[in-house]
Structures are given as structure tokens and as C-alpha cells.
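Asker: 3D model of this:
(4 chains)
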2 protein chains.
Amino acid sequence: MDKIVNFKSHKRSCKTCNLAKSCLPLGLVKEELDLLDKLTQQARRIESGSWLFYSGQPFKSLFAVRTGSIKTMVVTHDGESRVVGFHLPGDVLGLEAFSRRFHSCAAVALEHTTVCELPLKNLNELCQKAPAISRRFMALMSNEIADKHETMLMLGKKPAELRVAALLLNLSSRFQDRGFPAQHLRLSMSRYDIASYLGLAAETVSRLLGQINDEGIIEVNRKSIKITDMAHLQKLAQI
Amino acid sequence: MDKIVNFKSHKRSCKTCNLAKSCLPLGLVKEELDLLDKLTQQARRIESGSWLFYSGQPFKSLFAVRTGSIKTMVVTHDGESRVVGFHLPGDVLGLEAFSRRFHSCAAVALEHTTVCELPLKNLNELCQKAPAISRRFMALMSNEIADKHETMLMLGKKPAELRVAALLLNLSSRFQDRGFPAQHLRLSMSRYDIASYLGLAAETVSRLLGQINDEGIIEVNRKSIKITDMAHLQKLAQI
DNA sequence: CGGCCTATTGACGCTACTCAACATGAGTGG
DNA sequence: CCACTCATGTTGAGTAGCGTCAATAGGCCG
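Answerer: Sure, this is the predicted structure:
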């Protein structure tokens, strides 16, 4: 019951990676994947709590999560930071830096994590050679914009219980997309991270997880969440 | 004092449009602009309050605001809607639909507005012919992601006064980018729109505008805002 | 001039924050 | 293996900020 979810993708090539259906390679043909493989660097390991990139750092590479998970956060002027996203295997990071040439958020590993690195240097010519890859990038970015819209919707004045329920469902469905049971989650992020992401206090998150637990909808045990009444949870999240 | 700001760009070509420095054409060379011009359709007029596109509509075109202003909003399952963005001349709309092939938000004119239309149909080959245009799209999207991060930061647990001050400053600087005085704003959106965007109640927005007015930092008169103490306003917004 | 929509202002209540104490688990060293 | 420490999570009490409801005022249109 400890490590319910354990993303694995030992393959070194995009062509054979089992995350290909959600990651960059989606929809690309063999020739394009070959180009992509040539560019992709050896996987990089990141310890829990250490940075993949930080806010203000020059934009050198894109990253794709291979195993583990990562949070992205923006830092306010007074030094405090807010979580703006949780990223699972197959997710691509760094897209927000294309225009400004430096990262406008920081990425921190939530656990032992490995990522694939795509140096920007060769990315431009890659896009030129294979327009499909270019379109794939646009699709990823456009998805991210739509995602942020969803989140903004939630952050604006929705009751706290709804927010927590919505996050659980979001993670659940993303786990499922990656081939894992939708009913069992292992939250790699802390209550503080969740609170920051949802615009709540950590105490409130803790209280509400307890409350939803008491209502018999989920079973909470620290990082482990078991969804026992999916329909009811969806009702809480107004889905 | 009524129509302080009145964006004008009568030219029909991207090459001569006075918004080119903030709009799509930014950074493109003559040949690329010619391609863009060939694609761009006759400007379209939209009455105040009517739709440019709505949520769920098939993705057929991108739009660039020429004159006027537009709000984008997402609709929740229970029918209520939230504003996710305000768009001024030179802003490009519809980028969130690239991936899903349908619009995930709705766009509504806040006043008499004209837009340039770029049909998706020819967009793909355009990107292939001129990779710089493709890169420009990516830059616009990446900017939008970074922008949404900023907004999410604000929506998460910032005091109401800070949110209002931050929005005023955001609009002010965007007006200035377009060659208009930073001190005079004409808000084309209603208090309800502002409230929805900031995750507040309309009454709260009204109260806080009044409060900031009483503090001698701005002069509010319905839609017209005059910023009299910029430094103080920036302090309120913690910038 | 009259009706309508938007904005303002006031009173009240509730949600979620803050501060604080406490519990629990993970990691460490003896 | 156990005791200790520290980080993380839980629980409780009190409170402030903002939302809700309601009434009123002001501008804009026909």
C-alpha cells in the first residue's frame, strides 16, 4: 500500500517509450521520432526537493517528465511562492519560457524524478525539418492555456471543498490516462503544496480531506488516497 | 473625458498596421508579412456584447483585436461563467483551441470592436513556408501561459485591494505599450466582469475602487480611471 | 421624461485564515 | 533496536475579510 504508483519507462528512445501516447511523440511518425531521439539527451536525475530550473534562469532546454513528479511555482515579489502546476510522467515543462527566453516559473522535484532533456539549441531546426513537431509543441501549449483557464475558474471564489475534490479528480484521471487505477492515488506533494495550488491554507486542506474521508467518499492516510465513492466525489466537484 | 482611449488602425495590411509591434507581425520580415497579409481576411465588426466565438465551437480561425476590446470567459457546469482575460488591440485570440480543435472559452466584445481573422485552413501551410511565423505563434502562447501564471498567483489568496490595484496597473501598462497615457484608463468592462476576473464580488470591486479613490491614489468616475499616485498604486499591488 | 441597467453603499453572516497546541511518521545516531 | 529530533500533518478556538442580500443612486437610452 506504500508505493501504489510507480511510473516506469526504462526505454531510452521516444520510439519505444511507454509514455509516448501522452508525451511529445503523440501523433508523430517514425522519421519525426528519429529526429526527436537524436536531439533528446540522456535522462537526468533529480533528487526530491531540488530544482530542475528556477525563475529567471535562461531558457536552455525543455524537459519531459519520465518518472516521478514535479511542481512548478511562481515567486512573488515579497519572496513567497505559489504552486501553479503538478506534473506527472509524460508532461512537458518549460513551455512558458519560449517567448521571454528565460523561465518565468521554477520547477522542483516532489520525489526522486527523472526527466528527458531537449536542448533548445537544436529545437528550432528540428521544428523546421519536421513541422509536425512544431504543431505538437503548439498543441501542448494550447492545452496548457486551456488547463490554466480551468484552474483560474476554480481559484476564483469556489468553495474549498469543491477545490479539493476537483484536484483529486484531476489527479485521478491523469493517473488513469497513464495506465494506473483511478481509485488509488499517492500524493507526492505536501499539504502545503496542495494548499498553495488551490489558494487555501494547509490547515483547510487537511480539514477538508478529513471531512471528505468522514463522509465515506475517500479513505485518506497521509499521502495515500483511496477513492471509494467516485460518483459522490464528482458531485462534490460539480462535474 | 468620455472616450479617452480610441485605438485606431485603419490600414488593412499587417505591413502597415500600427499595432504590428505588439501583434502577430512582431519580428517578421517583409516576405513573411506578405504571406500573412494574403491569409488575413477583411476586418470583422462585432457589436458590444456579441460573441466572436463561444466555448465548444469548432476551431476555424484565430483572431487579432484591431480596435475595441474583448473579454474571454470559461463556462462552468452549472452555467455560471468566469472571465479569464481582457484583450486589447494587438492581442491574438483563440490560441487555446489549437490542440482540442474547438474553443475552450468564449470571446465577447466589450464595446464596438473590429478584429482581423486568420483562417486556420491556410495557417498550417503558412507555418511551413515561414517558420518564423510558427515561432511567433509559440511565443504568443508561451506569453499567455506566463500571464496566466501571474493571474493564478493573484487569485490564490491575495487580499482584494491588491488584486484591484494589480489589474489597474496591468491595464495601465498595456495601454502604455500601445502608445496611450498610462495615467488615464477607460474601463470597457463592467464591475461584474472585473469581479469575475479577480475572483471577487462586484460589490467588493466597487467598494475598493472607492476606497483607493478616497486614499487619493486614483480618481474614479464610473468607467474612467485617472491614476494620480502611480508609486502608491504600485505599492498597493506589491510591485 | 421615464424606465432600465449598472454602480454604489450599508448591515449582517459565514467561510476560511491565523495562531497555537499536539500527533504522527521518517530519518538518525547511539 | 530504541530514543531522539525534525518535518509534516492534524485538530481546535477565535477572528477578519469578503460575500450575500437588500435598498438606493446615477447614467443612458428611447
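
Asker: can the helix ranked longest in chain A be found next to chain B?
Answerer: Scanning chain A for the longest helix, with DSSP state H as the assignment, gives helix A:131-155. Yes - contact of helix A:131-155 with chain B is found when judged by C-beta under 8 Å from any C-beta of the partner chain, involving A:131, A:134-135, A:137-146, A:148-153, A:155. Where you see a C-beta, it was placed from the backbone N, CA and C, and this is true even at glycine.

Asker: please list only the buried members of the residues you listed.
Answerer: A:131, A:134-135, A:137-146, A:148-149, A:151-153, A:155 (16 or more other C-beta atoms under 10 Å in any protein chain shown).

Asker: can you pull out the strands in chain A?
Answerer: A:41-46, A:51-53, A:61-67, A:70-75, A:81-87, A:92-93, A:106-109, A:113-119, A:184-186, A:218-221, A:224-227 (DSSP state E).

Asker: any chance of the ones you listed in CSV with distance to chain B, mean neighbour count and mean pLDDT as columns?
Answerer: As requested, these are arranged in CSV below (distance: least, C-beta to the nearest C-beta, whole Å; neighbours: other C-beta atoms under 10 Å in any protein chain shown; pLDDT from 0 to 100):
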stretch, distance to chain B, mean neighbour count, mean pLDDT
strand A:41-46, 21, 14, 86
strand A:51-53, 14, 19, 95
strand A:61-67, 11, 23, 94
strand A:70-75, 5, 22, 95
strand A:81-87, 5, 22, 95
strand A:92-93, 11, 22, 96
strand A:106-109, 11, 22, 96
strand A:113-119, 14, 21, 93
strand A:184-186, 22, 19, 94
strand A:218-221, 21, 16, 95
strand A:224-227, 19, 18, 96
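
Asker: tell me which of these sits nearest to DNA strand C.
Answerer: Nearest to DNA strand C among the strands of chain A is strand A:218-221; the distance by C-beta to the nearest atom of the strand comes to 7.9 Å.

Asker: show me the shaky parts of chain A.
Answerer: Along chain A, the parts satisfying pLDDT under 70 run over A:1-11.

Asker: what residues does the residue nearest to the spatial centre of chain A make contact with?
Answerer: Taking C-alpha atoms, centre = their mean as the criterion, A:H87 is the residue nearest the geometric centre of chain A, at 1.3 Å. By C-beta atoms under 8 Å, 6 or more residues apart in numbering or on different chains, the contact set of A:H87 is A:65, A:69-72, A:93, A:107.

Asker: the longest helix of chain A to strand B:70-75, inter-axis angle?
Answerer: Interaxial angle, helix A:131-155 versus strand B:70-75 (axes from the mean of the first three to the mean of the last three C-alpha atoms, to 10 degrees): 70 degrees.

Asker: how far off strand A:61-67 does helix A:131-155 point, in degrees?
Answerer: Per the same axes, to 10 degrees, the angle that helix A:131-155 makes with strand A:61-67 is 70 degrees.

Asker: helices or strands next to helix A:131-155 in the packing?
Answerer: If you count contacts as 3 or more C-beta pairs under 8 Å, 6 or more residues apart in numbering or on different chains; DSSP states H and E, helix A:131-155 packs onto helix A:30-39, strand A:81-87, helix A:123-129, helix A:160-177, strand B:70-75, strand B:81-87, helix B:123-129, helix B:131-155.

Asker: which residue is the nearest non-sequential neighbour of the closest residue to DNA strand C within chain A?
Answerer: For chain A, the nearest residue to DNA strand C under the criterion C-beta to the nearest atom of the strand is A:T204, separated by 3.1 Å. The shortest distance from A:T204 to any non-neighbouring residue, by C-beta to C-beta, 6 or more residues apart in numbering or on different chains, is to A:A160 (5.4 Å).

Asker: for A:R207, see how far away that neighbour is.
Answerer: 9 Å (C-beta to C-beta, to the nearest Å).

Asker: pretty sure A:S196 contacts B:M152?
Answerer: No - between A:S196 and B:M152 there is no contact under C-beta atoms under 8 Å: 10.4 Å.

Asker: which neighbours do these two share?
Answerer: Contact criterion C-beta under 8 Å, 6+ apart; residues shared by A:S196 and B:M152: A:R82.

Asker: in stretch A:32-40, what counts as buried?
Answerer: For stretch A:32-40, the neighbour count (16+ other C-beta under 10 Å) marks A:32-33, A:35-36, A:39-40 as buried.

Asker: just curious, which of the residues you listed is nearest to chain B?
Answerer: A:E32 (13.9 Å; C-beta to the nearest C-beta).

Asker: residues contacting that closest one?
Answerer: Contacts of A:E32 were listed using C-beta under 8 Å, 6+ apart, and they are A:130, A:132-133.

Asker: A:T72 versus that one, what's the distance?
Answerer: Shown here: A:E32 relative to A:T72, a distance of 27 Å by C-beta to C-beta.

Asker: flag every residue of chain A that's near DNA strand C.
Answerer: Applying the criterion C-beta under 7 Å from any atom of the strand, the portion of chain A that neighbours DNA strand C consists of A:159-161, A:199-201, A:203-204, A:222.

Asker: give me that answer again for 6 Å
Answerer: If contacts are counted using C-beta under 6 Å from any atom of the strand, the residues of chain A sitting beside DNA strand C are A:159-160, A:200-201, A:203-204.
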